[in-house]
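Chemist: below are the sequence and a predicted model for it; my questions follow.
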Amino acid sequence: MSTTSPAGPAGPAALVGAEDLLTRLAALERRIRDAVAARRATDPAPDDPFRGLYLSDEVIDSLLATPREAFAPFHDPASPGRLGHLARTAALSTVDVELLLVALAPDVDSRFEQFYGYLNDDVTRRRATTGLALRLCGLPEGASAGRTRLDPAAPLLTAGLLVVEDRDRPFLTRSLRVPDRVVAHLLGDDRPDPALAGLARVADDLARPAAPLPGADRLVRGLRAGIRLAHLRERPGGGGREVASAALLEAGFAVLEVDAERLAAEPDRVALRAAVLREAVLRGAGIVLGPVDEEPALDALRHPAVPLAVHGPIAWNPRWSVDPPVLHEAVPLPVSARAELWAAGLRGPVAPGVDPAAATEHFVLGAGQIARAAEAASVAALADGEDITVAHLRAGARSQNAAGLQRLARRVEPAVTWDDLVLPGPVVGQLKELASRAEHRDRVIDRWRMRPGGGRGRGLTGLFAGDSGTGKTMSAEVIAASLGLDLYTVNLATVVDKYVGETEKNLERIFTEASGVNGVLLFDEADAIFGKRSEVRDAHDRYANIESAYLLQRMETFDGIAVLATNLRANLDEAFTRRLDVVVDFPLPDGEQRRALWDHCLGPHAPRGALDLDFLAGAFELAGGHIRSAAVTAAYLAAEGDRVVGMREVVGAVAREYRKLGRLVGEREFGRYLELVRPFGQ
């Protein structure tokens, strides 16, 4: 990406533009000399030291006696430099070009301020007025042919190249001003308008993607046919911005990418839209605006010479423009294109046996996101002093996740693996099936087309059902870790709302954000919002059923990975279970699994004393979550007494867990270790 011409602001291209402009201003200076000479010839008091500060009777009489005439029109050939290029781009007439020259002269040569002050007969007005500019261009002040070149619908003003100030004054005494960015451009400076910093960026040929993007060729044909409006509705990973930019570059336009969300949030967005359009006209660029998720003000960005491509997740609304656009559905990239983009973006050697495209196949990324993810992976590998590994690639891909979902759900970076799960073999097999579906859904759904029609999304949903502490949340974390994704746990407090319709809005925001994030979405206690519909007896039942119906429809179109966890599977609506890809029932652990859980939860790092793991597994029928809690409590008891973790500490911790569960601490479960409970006040 570059924001200057190849030669830089002071390179040969810039010098050619400046020389052309100065040559044209020299011709204007000759006209100024003629105008000054004519003024002096008719001035009744040329030596008056207070000239311009008052109007004498003699001056008024002279004005009445001498009609004001225009000069002969210009006949200079079209400029070959930047001024000529701008004239062709903005469809400026010969008169428009001369008006622009008259207006910008004081910004290039300070002498013109004095010239204009003299000719305006007012030393305080050092810019050309509309009347003076028309006369210097060879047009009578009252001729509509000249006056219409300065009205709000004229090319100079619609493109933002000229500003008519002092609107409260009579038309002929209004001042003309050329924005600084226009003057700088004509003098050879290609730096973008500082007002657009952080809002818009310029993309040149260096931004061309390494692989063809689906749909770009169709947009190129439209641009070459003269179509100047396009709308790209993008699915997650579709990369509408990249497709539009690639098409503009291929059609011979520069590209100005504008952040629609930031533009809408700016208090002075009207002036900024004008600055965006002016920048596009100066560069001969097309505008790529997005992501658009609400009605945009497109009229302020329309110009016959400027292509406008709008991208975003919502469909085109005919009310946005009277002109029909080229409509395009920006779909995720094919595997071959993603592989080329990863290969082109990585800097540095890749570890043996690592296929970047295969390692990130389940990540939904657009072309620009892949380029940035590859750069992030390369930087991480360089910092680690290693070849690029799968971990680097997946970390780079995760770095492209937007932060919007974190406002609605808690982000968890997975720190567990399959080895940390202590579950029956069939349950682990079902969990791995869900992970496998996530890894291969591009092949099955997109290439093999196993989910055609119906408007269904590409999402994967699983239901984890079981008692509290049986490993549902941990299993979701393991699946996320195996895929190299983050886990996002939905906070129900941010979802459920007592006001009608608000719960649906909150869920829509979550689903929308989650569709564009490479992560696993976990709805804990899912029966609270995915519950059964009931017979309608009052308004509460009716609105509750509306929520459920909305969720049923939204689950159909979801494009991400979601896990619903519940302690009460029977409470879920049967219509939800039909839409689930995998249903996993988590049983309470048996004795052998409880022994493995005790051994795993106590860990290899805490100092252990003599532990009777067989007794702990056989006597205490606890779920994995409770065993983990008891192990942590035992470690704290040992640390408090500066002891190793022995049966005394573990049994005391179990007694505490029993109290939390409302169970009795009796000899039947604790047996010979019951005496060890008493020192802890149990």
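Modeler: Perfect, I can see it now.
Chemist: so how many other residues sit close to the residue nearest to residue 513 when sequence neighbours are not counted?
Modeler: The shortest distance from residue 513 to any non-neighbouring residue, by Cβ to Cβ, 6 or more residues apart in numbering, is to residue 405 (4.1 Å). The C-beta positions use only the backbone N, C-alpha and C, and glycine is treated the same way. Using other Cβ atoms under 10 Å as the criterion, residue 405 is surrounded by 24 other residues.
Chemist: pLDDT score for residue 405?
Modeler: pLDDT recorded at residue 405 is 81.
Chemist: next, the contact list for it, please.
Modeler: 411, 488, 510, 513-514, 517, 519 (Cβ atoms under 8 Å, 6 or more residues apart in numbering).
Chemist: surely it is within a helix?
Modeler: Yes - judged by DSSP: H, G, I helix; E, B strand; the rest coil, residue 405 forms part of a helix.
Chemist: hmm, back to that, can you redo the contacts of residue 405 as CSV with pLDDT and secondary structure?
Modeler: Listed next are the contacts of residue 405 as CSV, based on pLDDT from 0 to 100; DSSP: H, G, I helix; E, B strand; the rest coil:
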residue, pLDDT, secondary structure
411, 88, strand
488, 92, strand
510, 84, helix
513, 80, helix
514, 82, helix
517, 82, coil
519, 89, strand
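Chemist: what's the farthest-apart pair in these?
Modeler: Across those, the longest distance by Cβ to Cβ is 13.0 Å; it joins 411 and 510.
Chemist: so what's residue 255 closest to, chain neighbours aside?
Modeler: Using Cβ to Cβ, 6+ apart, the closest residue to residue 255 is residue 203 (4.1 Å).
Chemist: pLDDT value on the one you found, please?
Modeler: At residue 203, pLDDT is 80.
Chemist: enumerate every residue touching it.
Modeler: 1, 245, 249, 254-257.
Chemist: most neighbours among those, which one?
Modeler: Of these, with other Cβ under 10 Å as the count, residue 245 tops at 28 neighbours.
Chemist: give the helix, strand or coil label for the nearest residue to that one once chain neighbours are set aside.
Modeler: Spatial nearest neighbour of residue 245, excluding adjacent residues (Cβ to Cβ, 6+ apart): residue 255 at 4.7 Å. Judged by three-state DSSP, the three-state class of residue 255 is strand.
Chemist: identify the bridge partners of residue 255.
Modeler: residue 203, residue 286 (DSSP bridges).
Chemist: list the contacts for it?
Modeler: Counting by Cβ under 8 Å, 6+ apart, residue 255 has contacts 202-204, 207, 245, 248-249, 285-286, 288.
Chemist: cool, residue 317 as well?
Modeler: Going by Cβ under 8 Å, 6+ apart, the list of residues near residue 317 reads residue 295.
Chemist: ranges for the helices of the stretch 1-150 of the chain?
Modeler: Residue ranges of the helices in the stretch 1-150 of the chain, as given by DSSP state H, counting those that start in this stretch, are 12-42, 57-65, 82-89, 94-108, 111-119, 130-136, 144-147.
Chemist: could you do the stretch 351-500 of the chain as well?
Modeler: Under the criterion DSSP H, counting those that start in this stretch, the stretch 351-500 of the chain contains helices at 356-359, 367-384, 390-398, 425-441, 472-483.
Chemist: closest to residue 183 out of those?
Modeler: helix 367-384 (33.2 Å).
Chemist: the inter-axis angle of the closest one versus helix 390-398?
Modeler: 140 degrees (axes from the mean of the first three to the mean of the last three Cα atoms, to 10 degrees).
Chemist: leaving out sequence neighbours, find the closest residue to residue 583.
Modeler: Nearest to residue 583 is residue 463, by Cβ to Cβ, 6+ apart, at 4.6 Å.
Chemist: oops, could you answer that again for residue 564 instead?
Modeler: That would be residue 526: by Cβ to Cβ, 6+ apart, it lies 3.7 Å from residue 564.
Chemist: mind listing what the one you found touches?
Modeler: 463, 564-566, 572.
Chemist: quick one: it and residue 563, what's the gap?
Modeler: 9 Å (Cβ to Cβ, to the nearest Å).
Chemist: who touches both of these two?
Modeler: residue 463.
Chemist: contact partners for residue 326?
Modeler: 218-219, 222, 227, 229-231.
Chemist: how much space separates it from residue 224?
Modeler: Distance from residue 326 to residue 224, by Cβ to Cβ: 12 Å.
Chemist: what's the neighbour count on residue 252?
Modeler: Neighbours of residue 252 (other Cβ under 10 Å): 11.
Chemist: check the secondary structure at it for me.
Modeler: Per three-state DSSP, residue 252 ends up coil.
Chemist: what pLDDT does it get?
Modeler: The model's pLDDT for residue 252 equals 91.
Chemist: in the stretch 201-350 of the chain, which spans are strands?
Modeler: Taking DSSP state E, counting those that start in this stretch to define them, one finds strands in the stretch 201-350 of the chain at 229-234, 254-259, 285-290, 308-312, 326-330.
Chemist: of all those, which lies closest to residue 415?
Modeler: Closest approach to residue 415 among these (Cβ to Cβ): strand 229-234, 33.3 Å.
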